[in-house]
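Asks: Next input, structure requested:
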Amino acid sequence: MKFELKKQDEATKARAGIVTTDHGDIETPIFMPVGTVATVKGVTQKDLKEQVNPDIILGNTYHLYLRPKTDIIEKAGGLHKFMSWDSPILTDSGGYQVYSLSGRRKIKEEGVKFKSHIDGSYHFFSPENVMEIQRKIGADIIMAFDECTPYPCDYNYAKRSMHMTHRWLKRCITHLDKTPLSYDYGQAFFPIVQGSTYKDLRIQSAEFIASVGAEGNAIGGLSVGEPAEEMYAMTEIVCDILPSDKPRYLMGVGTPINILENIALGIDMFDCVMPTRNARNGMLFTAHGTMNMKNKKWADDLSPIDEMGITDVDLLYSKAYLRHLFAANEMLGKQIATIHNLGFYMWLVREARKHIIAGDFKTWKNMMVNQMNKRL
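Replies: Residues are numbered from 1 along each chain as shown. Coordinates of the predicted model:
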């Protein structure tokens with residue numbers, strides 16, 4: 001994997017770059033649709049490619065390990081072939097899922113014993129076997145195994161957790177160094193900065209992660225309930241330390257406004273279930289604000305879903321029709337809304353890139369944040 005920085009915005013810390021992988025180039029800043037279990041929920045791969053056309057999507061190690069199981073993916077020739085997707089894929093390591101299983105897991109220095117949310121069976125994740133699993137899944141970018149702390153989090157717990165994440169990182173690297181690639185293309189490895197919302201811990205963690213010299217770096221443990229201002233403060237601290245010649249990935253973020261504000265702080269890569277999850281509940285994101293398609297106000301509005309026409313569905317269907325589909329609980333409504341929201345997220349990061357290159361990102365960003373903060 002290679003990363004080339006194309007433009008640095010002068011008024012902010014926003015960057016435009018290109019990540020090169022064996023499955024294609026990724027123009028940054030980029031949003032990665034979440035394909036947790038080898039599918040971006042509610043959208044076929046054909047519609048995803050033709051309507052949204054993301055440079056990269058995300059899969060989840062925890063979920064894919066449990067179902068369909070790693071050996072089936074390996075037998076298929078890797079995740080790309082299993083799900084018929086020929087563009088780049090990133091897999092997260094399962095650290096966040098372990099965090100979310102708070103009542104079903106036990107964390108020790110050796111790793112994490114957890115209970116499957118599917119059938120209650122017990123499993124064990126260690127830095128070593130998570131690297132093995134990600135080798136076999138075969139994503140272009142794989143993540144270190146870490147512990148994601150909750151918010152709020154006791155300082156001493158956050159400190160112990162951070163140091164354990166650092167020790168786990170060393171074990172991940174040691175194991176990767178002696179583990180051959182499973183397929184005929186490269187895999188880049190990203191470690192993860194932790195430290196909760198404590199400035200001194202974030203600085204320590206960022207310095208340690210930077211010292212590893214990995215091909216890219218990630219920031220975890222944010223967007224877990226903390227105020228947006230704390231997220232931005234931690235992101236800024238970390239971005240000032242992480243090397244500028246490597247891509248920076250802020251995990252699990254976020255709203256369109258979160259994404260723009262974090263781009264301004266120097267983040268290159270994002271993922272979040274919000275566009276797809278909110279779409280399934282009838283919430284649409286647009287450049288002029290959010291729309292709840294279940295509201296009666298749209299019942300006789302025959303104007304297009306979004307006059308900007310970012311995706312084909314925006315102009316093909318009316319607000320009234322989409323509202324009708326939700327009222328009738330038709331699956332097509334969720335599919336249309338999902339395509340729209342993912343299309344909007346991709347439009348947003350690509351427009352951000354254009355304005356970074358043009359040199360007017362800050363003015364455009366401030367205008368967009370003001371508009372998107374409205375309820376339509």
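Asks: how many other residues sit next to residue 244?
Replies: Residue 244 has 14 neighbouring residues, counting by other C-beta atoms under 10 Å. Just so you know, the C-beta spots here come from the backbone N, C-alpha and C atoms, and that holds for glycine as well.
Asks: three-state assignment of the residue nearest to it when sequence neighbours are not counted?
Replies: The shortest distance from residue 244 to any residue that is not its chain neighbour, by C-beta to C-beta, 6 or more residues apart in numbering, is 6.8 Å, and that residue is residue 5. Counting by DSSP: H, G, I helix; E, B strand; the rest coil, the backbone at residue 5 sits in strand.
Asks: Spell out the secondary structure type for the closest residue in space to residue 37 that isn't next to it in sequence.
Replies: Using C-beta to C-beta, 6+ apart and skipping the chain neighbours, the partner closest in space to residue 37 is residue 63 (4.8 Å). Look at residue 63: counting by three-state DSSP, its state is helix.
Asks: give me every residue that touches residue 63.
Replies: With C-beta atoms under 8 Å, 6 or more residues apart in numbering as the criterion, the residues that contact residue 63 are 36-37, 97.
Asks: residue farthest from the centroid of this structure?
Replies: residue 300 (36.0 Å; C-alpha atoms, centre = their mean).
Asks: got the contact list for it?
Replies: Contacts for residue 300 (C-beta under 8 Å, 6+ apart) come out as residue 320.
Asks: swap in residue 115?
Replies: The neighbours of residue 115, taking C-beta under 8 Å, 6+ apart as the test, are 101, 104-105, 121-123.
Asks: Dump these into TSV; add neighbour count and secondary structure as well.
Replies: Compiled in TSV, the contacts of residue 115 are given as follows (neighbours: other C-beta atoms under 10 Å; DSSP: H, G, I helix; E, B strand; the rest coil):
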residue	neighbour count	secondary structure
101	16	coil
104	14	coil
105	17	strand
121	9	coil
122	11	strand
123	14	strand
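Asks: of those residues, the lowest pLDDT goes to which?
Replies: The member of the contacts of residue 115 with the lowest pLDDT is residue 101, at 78.
Asks: Show the contacting residues for it.
Replies: Residues 114-115, 117 are the ones in contact with residue 101 under the rule C-beta under 8 Å, 6+ apart.
Asks: if you set the cut-off to 6 Å instead, what comes out?
Replies: Listed by C-beta atoms under 6 Å, 6 or more residues apart in numbering, the contact set of residue 101 reads residue 114.
Asks: Distance-wise, check it relative to residue 234.
Replies: Distance of residue 101 to residue 234, computed by C-beta to C-beta, to the nearest Å: 24 Å.
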